[in-house]
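K.L.:
Pasted the sequence and its predicted model underneath.
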Amino acid sequence: MRLLLNDVAPGVAEPGDTLGPDDLDRLYAYPDATGRPWVRANMVATLDGAAAGNDGRTGSINTDADLVVYTLLRDLADVVLVGAGTARTEGYRRIPARSARYRERAAAEGRPTCPVTAVVSGAAQVPPLLAADEPGHGDALLVTCAGAGTEALDRARRVLGPDRVIVVGGDTVDLPAAVAALHARGLSRILCEGGPRLLRDVAAADALDELCLTVVPLLAAGVQQRVTAGAGVDRRLVPRLVVEQDGTLLHRWTRP
Ligand SMILES: NC(=O)c1ccc[n+]([C@@H]2O[C@H](COP(=O)([O-])OP(=O)(O)OC[C@H]3O[C@@H](n4cnc5c(N)ncnc54)[C@H](OP(=O)(O)O)[C@@H]3O)[C@@H](O)[C@H]2O)c1
């Protein structure tokens with residue numbers, strides 16, 4: 001990978017440098033936001049803005065470089081926050097243990113050895129593949145709201161266990177409250193993997209600290225959504241890091 005812009009960790013590498021795993025580790029480190037959570041989203045888009053390939057999945061637009069950073073961001077996170085639509089479409093399962101280096105680091109820091117998956121569903125629907133406990137994999141939480149109704153909430157509590165159902169908000173999920181609830185459980189490094197509706201809502205609630213955006217060298221046309229979907233928002237971000245490999249551009253954008 002080749003560094004094009006580095007405004008996150010001066011001294012780690014200069015524009016034009018080739019990056020190795022240690023450089024990427026430092027360039028993507030969560031900021032020292034001691035005492036407060038940090039919400040980072042990671043999304044991939046084609047050159048013409050499609051958030052999925054024409055089969056409706058992201059696997060058909062991913063590249064090797066995107067996969068490297070996707071894996072690294074999971075290794076660095078405490079919890080993956082994902083919308084129920086994405087969990088269903090992409091077949092989300094519980095997350096396996098981090099690679100050895102990150103597992104040891106997490107253990108030394110008292111963080112979970114496997115990232116937790118937190119699914120956001122206003123209807124309190126637990127995606128089937130996340131329901132079952134998988135030995136050696138991370139925990140699963142449901143983030144929902146009172147509007148789901150008693151019956152659906154009870155069903156979710158039976159499936160996951162009462163401690164794993166977080167109810168925040170009335171008619172819709174209160175996302176800043178969800179972030180606070182995850183932080184209260186020691187899950188402060190939050191990685192939002194979308195989808196477009198959830199990312200839009202996180203941004204609208206002013207709960208987004210950072211967007212990691214991969215742009216792949218592909219035109220897809222078609223009818224797929226952009227990386228955000230829903231009512232308009234107005235959130236400005238500034239570029240902090242740009243890395244390139246084989247035409248794939250990997251960015252970090254943060255609050256001004
Ligand atoms: N390009 C990328 O990086 C990327 C990333 C992820 C997904 N995708 C693509 O995006 C598509 C899926 O899109 P999607 O719109 O279904 O995404 P989504 O945001 O993952 O899912 C929407 C569903 O999640 C729940 N949800 C999300 N935000 C909520 C909120 N604020 N409050 C309450 N519930 C909330 C609701 O579930 P309930 O209906 O259960 O209430 C809603 O119906 C797929 O094609 C997938 O491949 C792309």
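P.N.:
Sure thing, it's come through.

K.L.:
So the residue nearest to Leu130 when sequence neighbours are not counted versus the ligand, what's the distance?
P.N.:
Leaving aside its sequence neighbours, Leu130 sits nearest to Ala140 (C-beta to C-beta, 6 or more residues apart in numbering; 4.6 Å). All C-beta atoms are positioned from the backbone trio N, CA, C, and that covers glycine. Separation of Ala140 from the ligand (C-beta to the nearest ligand atom, to the nearest Å) stands at 14 Å.

K.L.:
Need the phi and psi values for Ala140.
P.N.:
Main-chain torsions, Ala140, degrees, to the nearest 10: phi -130, psi 140.

K.L.:
partners of it in the sheet?
P.N.:
Per DSSP bridges, residues listed as beta-bridge partners of Ala140: Thr117.

K.L.:
Near Leu219, how many other residues are there?
P.N.:
As a burial measure, Leu219 scores 10 neighbours (other C-beta atoms under 10 Å).

K.L.:
Make sure it is indeed in a strand.
P.N.:
No: read with DSSP: H, G, I helix; E, B strand; the rest coil, Leu219 is coil and lies in no strand.

K.L.:
For it, grab phi and psi.
P.N.:
Dihedral angles for Leu219 - degrees, to the nearest 10 - are phi -100, psi 130.

K.L.:
Roughly how far does it sit from the ligand?
P.N.:
The spacing between Leu219 and the ligand, counted by C-beta to the nearest ligand atom, is 15 Å.

K.L.:
Next: Ala77.
P.N.:
Ala77 is 15 Å from the ligand, by C-beta to the nearest ligand atom.

K.L.:
these two touch, right, that residue and Leu191?
P.N.:
Yes: taking contacts as C-beta atoms under 8 Å, Ala77 lies within contact range of Leu191: 3.7 Å.

K.L.:
between the two, who's got more neighbours?
P.N.:
Ranked by neighbour count (other C-beta under 10 Å), Ala77 and Leu191 place Ala77 first, with 28 against 25.

K.L.:
Go through the chain and flag its longest helix.
P.N.:
helix 64-76 (DSSP state H).

K.L.:
So for that one, what gets flagged as buried?
P.N.:
65-66, 68-70, 72-76 (16 or more other C-beta atoms under 10 Å).

K.L.:
Give me the residues contacting that helix.
P.N.:
Residues outside helix 64-76 that contact it (C-beta atoms under 8 Å, 6 or more residues apart in numbering) are 1, 24-25, 28-30, 40, 42, 44, 62, 80, 95, 98-99, 101-102, 115, 189, 191, 212, 214, 216, 243-246, 248, 250.

K.L.:
show me the contacts for the residue nearest to the spatial centre of the chain.
P.N.:
The centroid of the chain falls nearest to Cys192 when counting by C-alpha atoms, centre = their mean (2.4 Å). By C-beta under 8 Å, 6+ apart, Cys192 lies in contact with 39-42, 80-82, 198-199, 202, 208.

K.L.:
Which of the contacts of helix 64-76 are buried, as a ChimeraX select command?
P.N.:
To isolate the buried ones among the contacts of helix 64-76 in ChimeraX, judged by 16+ other C-beta under 10 Å, type:
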select :1,24,25,28,30,40,42,44,62,80,95,98,102,115,189,191,212,214,216,243,244,245,248,250
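
K.L.:
In strands, which of the contacts of helix 64-76 fall?
P.N.:
Members of those lying in strands (criterion: DSSP state E): 40, 42, 44, 80, 189, 191, 212, 214, 216, 243-245, 248, 250.
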